[in-house]
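Colleague: Fold the following for me, if possible:
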Amino acid sequence: ETDRHLLRALRGQAARKASQLTAADAAKTLWALAKTELDDDVGAVKVLCRRAMEEVGAMNAQEVASTLWSLGAMGVDVEPSLLQALVWRTVEVADDLRPQGLANTLWAVATLGLEADSRLVGALSRRGIALAGHFKPQEVANSLWALGVCGLSAPTHKLGLLALRLELLDVLCAQIRGAHVLDVEGCSQLHQFFLACSMDILEVDSWPPRLLRLNRTLAAHCRERFEDNTVLHPSRLQKEVAHSLRGLGLHLREEVVDAASGYAIDILISQDTPRCPPYAAQAPAGWAVEVDGPSHFLRGSRTERGGARLKHRHLRQLGYCLVTVPYWEWHQAETRGEEGKRAFLAQKLQLLPRNSGSVTLSRPDPDRA
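Modeller: Got it, this is the predicted structure:
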């Protein structure tokens with residue numbers, strides 16, 4: 001505890017003297033806060049982020065990658081201008097990135113929900129291909145997971161970029177010789193990556209050969225580790241939402257594991273429920289409700305973290321009619337009592353016209369599904 005007090009004092013001192021920090025100082029300080037989990041003072045973090053913004057043009061490749069990783073690890077929502085500046089600086093210094101820096105950059109881009117700019121993806125892909133043979137297994141897992149979050153498909157006018165990305169996948173997949181080199185997190189990341197491949201690169205024949213081989217040898221093991229790592233204990237928030245949904249006369253189950261993906265769905269509403277709306281019947285996999293607490297979002301914002309965004313995308317691609325209940329919307333509904341919570345959920349599920357104050361259910365417009 002004494003050490004924590006000392007670290008907090010040093011954090012405060014760094015924030016007060018932020019204007020004197022060099023590019024390297026700012027990057028190292030943010031990294032230290034992320035590693036020691038001393039990121040509870042959002043004000044101090046943002047002061048240091050402003051200094052990083054001022055010094056970003058002087059950052060080398062390692063410092064840019066470290067700063068991006070730190071922001072992703074802390075999960076702090078920062079000014080878009082800083083993130084954009086870090087992205088452009090990454091493009092400029094990409095040729096100097098080492099394997100760990102490249103993996104950390106890809107992971108941060110995915111975690112922070114940054115748009116995968118074509119110049120950034122191209123620069124990182126080319127550098128990753130050049131570094132073939134030098135990645136550690138966990139760096140490969142981080143990189144592949146990030147590419148899955150950012151999406152593996154591409155419009156026709158960007159097929160050249162897609163080809164480059166597929167070549168990077170092939171290079172990365174060659175670095176993993178077996179599941180024994182990965183921990184639970186790495187296996188879970190690979191499982192989600194394999195899911196992304198199956199949904200984004202629909203034609204298996206177009207998969208890079210080493211990706212096909214990796215999928216055949218590791219997919220089953222990685223899914224098993226992914227499911228073992230899934231916590232099937234509903235939160236208090238989820239239990240409250242489920243209680244109010246039952247109050248609407250809906251038949252539901254909680255913590256249902258999807259057979260196709262291994263994802264645990266917070267709440268699955270049965271399609272044979274008496275009040276299941278017509279549009280839900282059009283979703284072949286069912287009607288899923290995800291209750292998203294603060295850990296699903298960047299701190300101090302309503303921006304989804306990469307993991308939550310990926311799960312939601314996959315559930316929709318699997319055929320679920322997905323409804324999300326963010327924690328702040330639920331807290332607002334709670335102020336109106338149980339009747340208000342049911343009305344909120346009925347509107348969320350399109351059982352009520354918007355702005356209706358009654359929980360008497362009406363037929364929704366199927367075109368809004």
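Colleague: Report the rounded mean pLDDT for whichever helix or strand L218 is part of.
Modeller: Using DSSP states H and E, L218 falls within helix 209-228. Mean pLDDT, helix 209-228: 89.
Colleague: elements contacting it?
Modeller: Helix 209-228 sits against helix 159-173, helix 184-200, with contacts defined as 3 or more Cβ pairs under 8 Å, 6 or more residues apart in numbering; DSSP states H and E. For the C-beta atoms, the positions are set from N, CA and C on the backbone; glycine is no exception.
Colleague: Tell me which of the ones you listed sits most buried.
Modeller: Of those, the one with the most neighbours on average (mean count of other Cβ atoms under 10 Å) is helix 184-200, at a mean of 22.
Colleague: elements contacting it?
Modeller: Using 3+ Cβ pairs under 8 Å, 6+ apart, helix 184-200 sits against helix 137-150, helix 209-228, helix 306-317.
Colleague: Can you tell me, leaving aside adjacent residues, what's nearest to L97?
Modeller: Of all residues not flanking L97 in the chain, A61 sits nearest, at 4.8 Å (Cβ to Cβ, 6 or more residues apart in numbering).
Colleague: how far away is the one you found from H233?
Modeller: 42 Å (Cβ to Cβ, to the nearest Å).
Colleague: quick one: which of these two has more around it?
Modeller: The neighbour count for A61 versus H233, taken as other Cβ atoms under 10 Å, is higher for A61 (20 against 7).
Colleague: wait, what's in contact with the more buried one?
Modeller: A61 sits next to 90, 93-94, 96-98, 101 when contact means Cβ atoms under 8 Å, 6 or more residues apart in numbering.
Colleague: buried subset of the residues you listed?
Modeller: Neighbour counting by 16 or more other Cβ atoms under 10 Å classes 90, 93-94, 97-98, 101 among the contacts of A61 as buried.
Colleague: from those residues, which is closest to K28?
Modeller: Nearest to K28 among the buried ones among the contacts of A61, counting by Cβ to Cβ, is G101 at 14.3 Å.
Colleague: out of the buried ones among the contacts of A61, what pair is the most spread apart?
Modeller: T90 and R98 (13.1 Å).
Colleague: my read: T29 touches Q13, true?
Modeller: No: here T29 does not reach Q13: they are 10.1 Å apart, not a contact under Cβ atoms under 8 Å.
Colleague: one step back: point out the one among the helices and strands packed on helix 209-228 that comes closest to T335.
Modeller: Proximity of the helices and strands packed on helix 209-228 to T335 was assessed by Cβ to Cβ; the nearest stretch is helix 184-200, lying at 36.3 Å.
Colleague: so how far is the closest one off the chain centroid?
Modeller: 13 Å (Cα atoms, centre = their mean, to the nearest Å).
Colleague: between the contacts of A61, which is nearest T324?
Modeller: Comparing the contacts of A61 against T324 with Cβ to Cβ places T90 closest, at 30.7 Å.
Colleague: Wait, the closest one touches N104, no?
Modeller: No: using Cβ under 8 Å, T90 is not in contact with N104; the gap is 10.7 Å.
Colleague: what do these two both touch?
Modeller: Here T90 and N104 share the contacting residues 65, 68, scored by Cβ under 8 Å, 6+ apart.
Colleague: Where in this protein is the helix or strand with the lowest mean pLDDT?
Modeller: For the chain, counting by mean pLDDT, DSSP states H and E, helix 2-16 ranks last in confidence among helices and strands (a mean of 69).
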